[in-house]
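Student: only the shape, not the letters, is given here:
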C-alpha cells in the first residue's frame, strides 16, 4: 500500500500480508485453465524468503549467480523432475510522468483532497520459463508484447485498476480484510496472466 503526497515527506509505504487471498493458487488455476487442466501442471512449494536474494541482491553492479532466478529455482526443486518451470515474480515500475515506484502487487493513492485524489490497483507480475534440466531461461520474446501494446493504446482509464477513493483502505492494516480489494486484486492479476499465458504455453 502506497500513499503519495506533494513531497517525499508525505509518502507512506506499508507492506500488508495478504496470505489469505490465495494469489499463488489463483496463478496455478489460470495456468491450468490455459493448458486444459493438464495433470502435469503442479504447484511447487518453496521456503519463505527463498526469492529475497533475487529481489534484493547484495550487489547490482557485480551480480552473484547464486542470487539469480535460475540458481534459486534449482535450489528449491532438487527432486521435482519437471520438464519446465514457469516462475511468477514481481517487479518494480515507475508511475507514468512521476519518479514514484510501484513494486509488485498493491494499491496506491495520490493527489490532494477528496476531489483531486485518485486511487488505483497495480499488478507488476512477470513470468519466466526455465528449462527443467539446465535451468536456463526459455525465451518467449513476444509472450506479452501484443497484450501490453494493446493495453497501452487504450483510451481513458482502465476499469480493472481504477478504485473509488472510498475503497482505499484506511488504515493500511485494514487491507487484508477488505473483501472488495481482495476480489478486485484477484481479477486484475487473473487478467494480466490471461494476457500472456497463451503465448508462453503455446508451444508446449
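Tutor: That came through fine. Since this is a predicted model, take the numbers as computed values, not measurements.

Student: pull the longest helix from this structure.
Tutor: helix 179-201 (DSSP state H).

Student: what's the mean pLDDT across that helix?
Tutor: The average pLDDT for helix 179-201 rounds to 90.

Student: quick one: buried residues of that helix?
Tutor: For helix 179-201, burial by neighbour count (16 or more other Cβ atoms under 10 Å) applies to 181-182, 184-186, 188-193, 195-197, 199-201. Yep, even glycine has a C-beta here, placed from its N, CA and C like the rest.

Student: check stretch 40-54 too.
Tutor: Buried residues in stretch 40-54 (16+ other Cβ under 10 Å): 41, 51, 53, 54.

Student: by pLDDT, rank those and give me the bottom one.
Tutor: residue 41 (90).

Student: can you verify residue 71 is assigned to a strand?
Tutor: No. Assigned with DSSP: H, G, I helix; E, B strand; the rest coil, residue 71 falls outside any strand and is helix.

Student: and it, what does it touch?
Tutor: 65, 135 (Cβ atoms under 8 Å, 6 or more residues apart in numbering).

Student: which residues sit in contact with the nearest residue to residue 107 once chain neighbours are set aside?
Tutor: Among residues not flanking residue 107 along the chain, residue 121 sits closest, at 5.2 Å (Cβ to Cβ, 6 or more residues apart in numbering). Residues in contact with residue 121, defined by Cβ under 8 Å, 6+ apart, are 106, 107, 160, 161, 163, 181, 184, 185, 188.

Student: turn the residues you listed into CSV, columns for distance to residue 17.
Tutor: Formatted as CSV, the contacts of residue 121 follow (distance: Cβ to Cβ, whole Å):
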residue, distance to residue 17
106, 12
107, 14
160, 23
161, 22
163, 20
181, 14
184, 18
185, 14
188, 19
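
Student: ok, of those, which one's closest to residue 131?
Tutor: Taking Cβ to Cβ as the measure, residue 188 is the one of those closest to residue 131, at 30.0 Å.

Student: just checking, that closest one touches residue 123?
Tutor: Yes. Using Cβ atoms under 8 Å, residue 188 makes contact with residue 123 at a distance of 4.8 Å.

Student: moving C-terminal of the helix-or-strand element of the chain with minimal mean pLDDT, what's the next helix or strand?
Tutor: Between all helices and strands in the chain, the lowest mean by mean pLDDT, DSSP states H and E belongs to helix 145-152, at a mean of 45. Sequence-wise, the next helix or strand downstream of helix 145-152 (DSSP states H and E) is strand 162-163.

Student: cool, thanks, talk later.
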